[in-house]
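A.B. asks: would you be able to build a 3D model of this:
(one chain, ligands or ions: 1)
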Amino acid sequence: MGSETRMEDLLKREIPFEEDEDGFILMAERGGGGGGGKVVGLVLVDIVNGFCTIGAGNLAPAGPNKQINTMVEESVWLSKVFCEKKWPIFALLDSHHPDKPEPPYPPHCIVGSGEENFVQDLRWLEEESNVTIKRKDCIDGFIGSMEKDGSNGFADWVKANGVNVVLVVGICTDICVLDFVSTTLSARNIGLVPPLEDVVVYSKGCATFDLPLHVAKNIGALAHPQELLHHLGLYMAKARGAKIVGKVSLGS
Ligand SMILES: [Zn+2]
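C.D. replies: The predicted model follows:
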């Protein structure tokens with residue numbers, strides 16, 4: 001335990017990063033439709049039972065988890081704001097077929113198990129007209145949005161809604177969130193997702209799983225201490241060009 005804490009302190013000291021101080025102000029950014037403001041779309045990454053609900057499978061939390069609870073609460077709040085205003089939401093849901101494993105992970109979010117569905121507090125999103133749901137069976141949600149005809153469901157959503165800025169929340173900060181953000185930024189840089197300009201990651205709206213070293217050792221797995229990997233995920237996203245905000249608020 002002691003060495004884990006020292007390592008966490010060391011890395012946070014060696015690779016600190018600043019979150020955008022003013023945070024992200026929604027109405028001012030959004031421009032209320034038709035104004036000169038930016039159109040903001042909300043991206044929900046894998047806020048499914050299999051990653052968030054206690055005991056819901058191999059990759060679900062074993063007990064109450066503050067970082068995951070906060071991520072779900074903030075995502076529910078943002079989803080309500082976006083749905084009230086009919087602003088666009090793109091929701092990725094990790095969903096796997098049992099005969100198609102996803103190494104290095106154990107089976108998770110298998111279709112029909114319930115693990116692949118929104119957490120209970122977000123189930124209502126299935127009925128909302130401003131929400132586009134994309135089930136994906138790979139880590140990277142941009143790649144997972146590729147269709148058989150070569151089109152990309154995420155790029156099509158950006159284009160159809162004229163999205164200039166995506167606000168990204170979900171789980172896991174250092175895995176599915178980071179991969180989606182990184183690929184989206186690469187795609188933006190070569191003009192694949194017009195009119196997208198910016199990718200904003202809301203730190204409190206993201207979470208990752210917790211597998212401390214002393215537990216990982218016993219089961220022969222790679223250690224994954226939650227606070228440290230959350231920090232690293234945000235750091236890497238920022239290093240790739242995302243904006244990291246610690247606060248999202250509604251402007252007047
Ligand atoms: Zn998966």
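A.B. asks: check which residues of stretch 87-106 are buried.
C.D. replies: 87-96 (16 or more other C-beta atoms under 10 Å). From N, CA and C alone the C-beta is placed, and that goes for glycine too.
A.B. asks: closest to the ion among those?
C.D. replies: Nearest to the ion among the buried residues of stretch 87-106: residue 94, at 4.2 Å, using C-beta to the ion.
A.B. asks: who's in contact with that closest one?
C.D. replies: Residues near residue 94 by C-beta atoms under 8 Å, 6 or more residues apart in numbering: 46, 48, 50-51, 108-109, 116, 135-137, 176.
A.B. asks: quick revisit: now, which of the buried residues of stretch 87-106 lie within strands?
C.D. replies: 89-94 (DSSP state E).
A.B. asks: let's have the residues you listed in a markdown table, adding distance to residue 79 and pLDDT.
C.D. replies: Compiled in a markdown table, those are given as follows (distance: C-beta to C-beta, whole Å; pLDDT from 0 to 100):
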| residue | distance to residue 79 | pLDDT |
| --- | --- | --- |
| 89 | 7 | 97 |
| 90 | 12 | 98 |
| 91 | 9 | 98 |
| 92 | 14 | 98 |
| 93 | 14 | 98 |
| 94 | 18 | 98 |
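A.B. asks: including distance to residue 61, could those residues go into a markdown table?
C.D. replies: Formatted as a markdown table, these follow (distance: C-beta to C-beta, whole Å):
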| residue | distance to residue 61 |
| --- | --- |
| 89 | 24 |
| 90 | 25 |
| 91 | 20 |
| 92 | 19 |
| 93 | 18 |
| 94 | 15 |
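A.B. asks: and the ion, which of the residues you listed reach it?
C.D. replies: residue 94 (C-beta under 5 Å from the ion).
A.B. asks: please enumerate the helices of the protein.
C.D. replies: For the chain, the helices defined by DSSP state H cover 2-14, 26-30, 49-52, 66-84, 153-161, 178-189, 213-219, 226-240.
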